[in-house]
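Participant: quick one: sequence plus predicted model below, questions after.
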Amino acid sequence: MDSAYFAGGCFWCITPVFAEMDGVARVTSGYCGGTEDSAVYAKVKSQQTAHRETVRIDYDSSAVSYRALLDRFLASVDPYDAGGQFIDRGRSYTLAVYFCSDSERRQALAALDALEQASGRTPCVCVEPFCGFYEAEEEHQDFYRKNPEAFRQELIDSGRSGLVTLL
(Lines give C-alpha, C1' and ligand atoms only; values in the text may rest on other atoms or scores of the structure.)
Protein backbone atom coordinates (compact mmCIF):
# COMPACT_ATOMS: atom_id res chain seq x y z
CA MET A 1 0.00 0.00 0.00
CA ASP A 2 1.08 3.54 -0.75
CA SER A 3 -0.13 6.61 1.12
CA ALA A 4 -1.01 10.11 -0.08
CA TYR A 5 -1.54 13.11 2.21
CA PHE A 6 -3.83 16.02 1.33
CA ALA A 7 -4.99 18.92 3.49
CA GLY A 8 -8.34 19.92 2.04
CA GLY A 9 -10.00 21.98 4.73
CA CYS A 10 -12.41 20.12 7.00
CA PHE A 11 -11.35 16.47 7.04
CA TRP A 12 -14.94 15.39 7.66
CA CYS A 13 -15.84 16.81 4.26
CA ILE A 14 -12.86 15.59 2.26
CA THR A 15 -12.83 11.98 3.52
CA PRO A 16 -15.78 10.67 1.45
CA VAL A 17 -14.30 12.17 -1.72
CA PHE A 18 -11.71 9.37 -1.67
CA ALA A 19 -13.32 6.63 0.45
CA GLU A 20 -15.31 5.02 -2.35
CA MET A 21 -12.64 5.25 -5.07
CA ASP A 22 -11.49 1.99 -6.61
CA GLY A 23 -8.05 1.16 -5.26
CA VAL A 24 -8.44 3.15 -2.04
CA ALA A 25 -8.21 0.91 1.00
CA ARG A 26 -8.63 3.46 3.78
CA VAL A 27 -8.94 7.19 4.40
CA THR A 28 -7.79 8.41 7.80
CA SER A 29 -8.43 11.86 9.23
CA GLY A 30 -5.51 13.52 10.96
CA TYR A 31 -3.08 16.40 11.12
CA CYS A 32 0.08 17.33 9.20
CA GLY A 33 2.33 20.29 8.77
CA GLY A 34 2.98 21.50 12.28
CA THR A 35 6.23 21.46 14.17
CA GLU A 36 4.66 20.55 17.51
CA ASP A 37 5.20 17.04 18.88
CA SER A 38 1.49 16.21 18.87
CA ALA A 39 -1.82 17.43 17.54
CA VAL A 40 -5.35 17.26 18.90
CA TYR A 41 -8.55 18.53 17.32
CA ALA A 42 -9.31 21.34 19.78
CA LYS A 43 -5.86 22.90 19.39
CA VAL A 44 -5.65 22.46 15.62
CA LYS A 45 -9.18 23.81 15.03
CA SER A 46 -8.50 26.88 17.18
CA GLN A 47 -5.21 27.57 15.36
CA GLN A 48 -3.07 26.84 18.44
CA THR A 49 -0.73 24.66 16.35
CA ALA A 50 0.61 24.99 12.82
CA HIS A 51 -1.01 21.71 11.72
CA ARG A 52 -3.60 21.39 8.98
CA GLU A 53 -6.54 19.00 8.98
CA THR A 54 -5.31 16.34 6.57
CA VAL A 55 -6.39 12.99 5.19
CA ARG A 56 -4.09 10.03 4.66
CA ILE A 57 -5.22 7.92 1.75
CA ASP A 58 -3.90 4.36 1.75
CA TYR A 59 -4.18 3.07 -1.79
CA ASP A 60 -3.07 0.38 -4.21
CA SER A 61 -1.00 2.15 -6.87
CA SER A 62 -1.67 -0.68 -9.33
CA ALA A 63 -5.39 0.17 -9.15
CA VAL A 64 -5.36 3.99 -8.82
CA SER A 65 -2.58 6.44 -9.58
CA TYR A 66 -1.29 9.19 -7.36
CA ARG A 67 -2.22 11.65 -10.12
CA ALA A 68 -5.83 10.40 -10.09
CA LEU A 69 -5.97 11.03 -6.33
CA LEU A 70 -4.41 14.45 -6.81
CA ASP A 71 -6.89 15.36 -9.53
CA ARG A 72 -9.80 14.24 -7.35
CA PHE A 73 -8.43 16.33 -4.48
CA LEU A 74 -8.13 19.48 -6.60
CA ALA A 75 -11.65 19.02 -7.99
CA SER A 76 -13.05 18.75 -4.43
CA VAL A 77 -11.70 21.99 -2.99
CA ASP A 78 -11.53 25.69 -3.88
CA PRO A 79 -7.87 25.83 -4.89
CA TYR A 80 -7.89 29.65 -5.06
CA ASP A 81 -8.87 30.36 -1.45
CA ALA A 82 -5.78 31.23 0.59
CA GLY A 83 -7.66 31.71 3.87
CA GLY A 84 -9.17 28.27 4.36
CA GLN A 85 -12.00 26.33 2.77
CA PHE A 86 -15.58 27.52 2.59
CA ILE A 87 -16.75 28.48 6.12
CA ASP A 88 -13.67 26.96 7.76
CA ARG A 89 -11.03 29.68 8.09
CA GLY A 90 -7.44 29.78 9.29
CA ARG A 91 -4.22 27.90 8.60
CA SER A 92 -5.59 24.58 9.85
CA TYR A 93 -8.09 24.65 6.97
CA THR A 94 -5.74 25.78 4.19
CA LEU A 95 -4.78 23.49 1.34
CA ALA A 96 -1.62 21.44 1.07
CA VAL A 97 -0.18 18.46 -0.70
CA TYR A 98 2.37 16.66 1.47
CA PHE A 99 4.66 14.77 -0.86
CA CYS A 100 6.62 11.65 0.08
CA SER A 101 8.79 11.45 -3.04
CA ASP A 102 10.18 13.68 -5.75
CA SER A 103 7.74 12.08 -8.18
CA GLU A 104 4.79 13.15 -6.03
CA ARG A 105 6.24 16.67 -5.73
CA ARG A 106 6.64 16.95 -9.50
CA GLN A 107 3.11 15.64 -10.12
CA ALA A 108 1.64 18.11 -7.62
CA LEU A 109 3.48 21.06 -9.15
CA ALA A 110 2.46 19.97 -12.67
CA ALA A 111 -1.20 19.66 -11.64
CA LEU A 112 -1.13 23.12 -10.06
CA ASP A 113 0.58 24.58 -13.11
CA ALA A 114 -2.09 23.03 -15.36
CA LEU A 115 -4.80 24.47 -13.13
CA GLU A 116 -3.23 27.92 -13.36
CA GLN A 117 -2.85 27.67 -17.14
CA ALA A 118 -6.49 26.64 -17.54
CA SER A 119 -7.93 29.27 -15.20
CA GLY A 120 -5.50 32.18 -15.39
CA ARG A 121 -5.51 32.20 -11.58
CA THR A 122 -2.77 31.12 -9.19
CA PRO A 123 -3.80 28.21 -6.94
CA CYS A 124 -3.25 28.64 -3.20
CA VAL A 125 -2.12 25.09 -2.51
CA CYS A 126 1.09 24.53 -0.58
CA VAL A 127 3.31 21.69 -1.76
CA GLU A 128 5.40 20.58 1.18
CA PRO A 129 7.50 17.57 2.14
CA PHE A 130 5.71 15.06 4.33
CA CYS A 131 6.87 15.55 7.91
CA GLY A 132 4.65 13.24 9.95
CA PHE A 133 0.99 12.50 10.44
CA TYR A 134 -1.01 12.49 13.66
CA GLU A 135 -4.18 10.43 13.46
CA ALA A 136 -7.25 12.36 14.60
CA GLU A 137 -9.40 11.21 17.47
CA GLU A 138 -11.79 8.32 16.80
CA GLU A 139 -14.92 10.52 16.67
CA HIS A 140 -13.46 12.23 13.57
CA GLN A 141 -12.83 9.01 11.63
CA ASP A 142 -15.48 8.27 8.98
CA PHE A 143 -17.68 11.05 10.33
CA TYR A 144 -19.89 10.92 7.24
CA ARG A 145 -20.76 7.27 7.97
CA LYS A 146 -21.18 7.60 11.73
CA ASN A 147 -23.23 10.81 11.59
CA PRO A 148 -24.89 10.97 8.16
CA GLU A 149 -27.46 13.65 9.04
CA ALA A 150 -24.91 15.91 10.74
CA PHE A 151 -22.56 15.35 7.82
CA ARG A 152 -25.21 16.33 5.25
CA GLN A 153 -25.94 19.47 7.23
CA GLU A 154 -22.20 20.27 7.45
CA LEU A 155 -21.93 20.04 3.65
CA ILE A 156 -24.87 22.38 3.21
CA ASP A 157 -23.79 24.86 5.89
CA SER A 158 -20.21 24.92 4.66
CA GLY A 159 -21.07 25.46 1.01
CA ARG A 160 -19.41 22.21 -0.08
CA SER A 161 -22.57 20.35 -1.06
CA GLY A 162 -21.94 21.01 -4.75
CA LEU A 163 -18.48 19.45 -4.57
CA VAL A 164 -19.30 16.31 -2.62
CA THR A 165 -21.89 14.17 -4.38
CA LEU A 166 -22.81 11.86 -1.52
CA LEU A 167 -25.96 13.74 -0.57
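Facilitator: Yes, it's here. Numbers count the residues shown, from 1 in each chain.
Participant: from now on I want contacts and neighbour counts done on CA atoms only, so please keep to that.
Facilitator: Will do.
Participant: top helix in this structure by residue count?
Facilitator: Using DSSP state H to assign secondary structure, the helix with the most residues in the chain is helix 102-119.
Participant: packing partners of it?
Facilitator: Packed against helix 102-119, as judged by 3 or more C-alpha pairs under 8 Å, 6 or more residues apart in numbering; DSSP states H and E, are the following elements: helix 66-75, strand 125-129.
Participant: which neighbours does the last one have in its sheet, and in what orientation?
Facilitator: Based on DSSP bridges, the pairing partners of strand 125-129 within the sheet are strand 95-99 (parallel).
Participant: and the gap between the most far-flung residue of the chain relative to its centre and Ser3?
Facilitator: Distance from the C-alpha centroid of the chain, by C-alpha atoms, centre = their mean, peaks at Gly120 (23.3 Å). Applying C-alpha to C-alpha, to the nearest Å, the value for Gly120 to Ser3 is 31 Å.
Participant: for the protein, what spans make up the strands?
Facilitator: Assignment of strands within the chain using DSSP state E yields the ranges 2-8, 24-32, 52-59, 84-85, 88-89, 95-99, 125-129, 134-135.
Participant: quick one: these as a markdown table, columns for mean pLDDT and distance to Phe73 too.
Facilitator: Below are the strands of the chain laid out as a markdown table (pLDDT from 0 to 100; distance: least, C-alpha to C-alpha, whole Å):
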| stretch | mean pLDDT | distance to Phe73 |
| --- | --- | --- |
| strand 2-8 | 98 | 7 |
| strand 24-32 | 98 | 13 |
| strand 52-59 | 98 | 10 |
| strand 84-85 | 94 | 13 |
| strand 88-89 | 92 | 17 |
| strand 95-99 | 98 | 9 |
| strand 125-129 | 98 | 11 |
| strand 134-135 | 96 | 19 |
